[in-house]
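> Give me coordinates for this.
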Amino acid sequence: MKKAILAVSFGTSYLDTLERTIGAIEREVQEAFPDRKVYRAFTSGMVLRKLREEMGIHIMDVEEAVLAMERDGVEEVFVQPTHIINGYEYEKMKIMLQPYRARFVRMEMGMPLLSSVEDYSEAVRAVMKEAGLEKNETLVLMGHGTEHHTNAAYPALDYMFWAEGFRNVVVGTVEGFPKIRDVIRKLKEQKAEKLLLMPFMIVAGDHARNDMAGEEEGSWKSMLEKAGFQVRICMKGLGEMDGIRRMFVRHLSEAEEKKR
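You can find the predicted model right below:
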């Protein structure tokens, strides 16, 4: 029976970080499952339009990828999202896939990055292994955040760093909770002085380059410096981290092991 893997990402138009993050995850998945072709799909219409209209690059959306697999004679599809949480983008992906499930003998979906207590603990260790903190530095992680109830993943992650013994880590979000003002308050309570600022996002793209590390007044870097902290930037997306990529491979393996 012909099997394939569909790697579904929100997407990015930053081609350099695309291959270091999403591309790296897809390559690791391909190495783990060498007998299957890995198909790529993005869910962000804005990103897809920019790639097509401004850069002349065509990347399939979910529907196009599913139809391509069907034309190629694929019978079993294993879907692995590169989403961090079980939020709107993950739900959107499932809705997109639902009409096509009956066209295949089997379709299974792997879970997003943070889907179990084990995942949180493993993600903490993966990040701390590669953060490269210097002496007396505090790591500040900028997540995306969401209005979806699964935004609770970010304060849970913040607590997990503490529970794993890393008291010098603070997690915040751009569009959810904790906000940057909550991050600053916590840093002052901890009497932090030197910070390493890094995205907690699969891709170090627009949010990381502008909202986090930009020089404009509203960026996290500018606000943290204005609050009196010394700030060092690490532009490394989660997809660049070995431990994070292995988590996605594990989630895909767990999806395959599900009983029919």
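
> Just the helices from this protein, written as ranges.
Along the chain, the segments classed as helices by DSSP state H run 15-20, 22-32, 45-55, 62-71, 88-97, 117-131, 153-163, 180-189, 206, 220-226, 242-256.

> Between those helices, which one is closest to Val171.
helix 153-163 (3.8 Å; Cβ to Cβ). In short, each C-beta sits where N, CA and C put it, glycine included.

> Dump the helices of the chain into TSV; add distance to Gly214 as well.
Shown next, in TSV, are these (distance: least, Cβ to Cβ, whole Å):
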stretch	distance to Gly214
helix 15-20	16
helix 22-32	22
helix 45-55	19
helix 62-71	31
helix 88-97	24
helix 117-131	21
helix 153-163	21
helix 180-189	13
helix 206	10
helix 220-226	7
helix 242-256	24
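
> of all these, which lies closest to Ala4?
helix 62-71 (5.3 Å).

> what does the closest one contact?
For helix 62-71, contacts defined as Cβ atoms under 8 Å, 6 or more residues apart in numbering pick out 4, 6, 8, 39-41, 43, 60, 77, 93, 96-97, 100, 103-104.

> Could you pick out the buried ones from those?
4, 6, 8, 39-41, 43, 60, 77, 93, 96-97, 100, 104 (16 or more other Cβ atoms under 10 Å).

> looking at it, Leu195 is touching Glu134, isn't it?
No - taking contacts as Cβ atoms under 8 Å, Leu195 lies outside contact range of Glu134: 10.5 Å.

> And those two? Which one has more around it.
Remark: of Leu195 and Glu134, Leu195 carries more neighbours, 24 against 9, as counted by other Cβ atoms under 10 Å.

> Enumerate every residue touching the more buried one.
137-140, 187, 224, 229-232 are the contacts of Leu195 under Cβ under 8 Å, 6+ apart.

> Could you identify the buried members of the residues you listed?
137-140, 187, 224, 229, 231.

> Would you check how far apart Asp119 and Leu157 are?
Separation of Asp119 from Leu157 (Cβ to Cβ, to the nearest Å): 10 Å.

> one step back: what residues are shared contacts of Leu195 and Glu134?
Arg232.

> if we look at the lowest-mean-pLDDT helix or strand in the chain, which residues are touching it?
Least confident helix or strand, the chain: helix 206 with a mean of 87, by mean pLDDT, DSSP states H and E. Helix 206 is contacted by residues 12, 14 when judged by Cβ under 8 Å, 6+ apart.

> Apply 10 Å and report the result again.
12-14, 47, 212, 214 (Cβ atoms under 10 Å, 6 or more residues apart in numbering).

> Which pair in those residues has the greatest spatial separation?
Val47 and Gly214 (19.5 Å).

> Pick out whichever of the two has more residues nearby.
Neighbour totals were compared for Val47 and Gly214, and Val47 leads with 20 against 16 (other Cβ under 10 Å).

> How about the contacts made by that one?
Contact analysis of Val47 by Cβ under 10 Å, 6+ apart lists 9-14, 18, 59, 205-206.

> how deep is Asp72 tucked in, by neighbour count?
11.

> May I ask you to confirm that it is in contact with Tyr39?
Yes - the criterion here is Cβ atoms under 10 Å, and Asp72 meets it with Tyr39 at 8.8 Å.

> Quick check: neighbours shared by those two?
Ala4.

> measure the residue nearest to the spatial centre of the chain to Asp72 for me?
Central residue of the chain (Cα atoms, centre = their mean): Ile202, 3.2 Å from the mean position. According to Cβ to Cβ, Ile202 stands 27 Å off from Asp72.

> send the alpha carbons of stretch 56-68 over as CSV?
C-alpha atoms of stretch 56-68 as CSV (Å, rounded to 0.1, in the frame of the first residue of the first chain):
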residue,chain,number,x,y,z
GLY,A,56,7.1,33.4,-8.3
ILE,A,57,7.1,30.4,-5.9
HIS,A,58,4.2,27.9,-5.8
ILE,A,59,3.7,26.0,-2.6
MET,A,60,0.6,23.9,-2.3
ASP,A,61,-2.2,24.6,0.1
VAL,A,62,-3.8,21.6,2.0
GLU,A,63,-6.4,20.9,-0.7
GLU,A,64,-3.9,21.0,-3.5
ALA,A,65,-1.5,18.7,-1.6
VAL,A,66,-4.3,16.1,-0.8
LEU,A,67,-5.4,16.1,-4.5
ALA,A,68,-1.7,15.6,-5.6
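
> No further questions, thank you.
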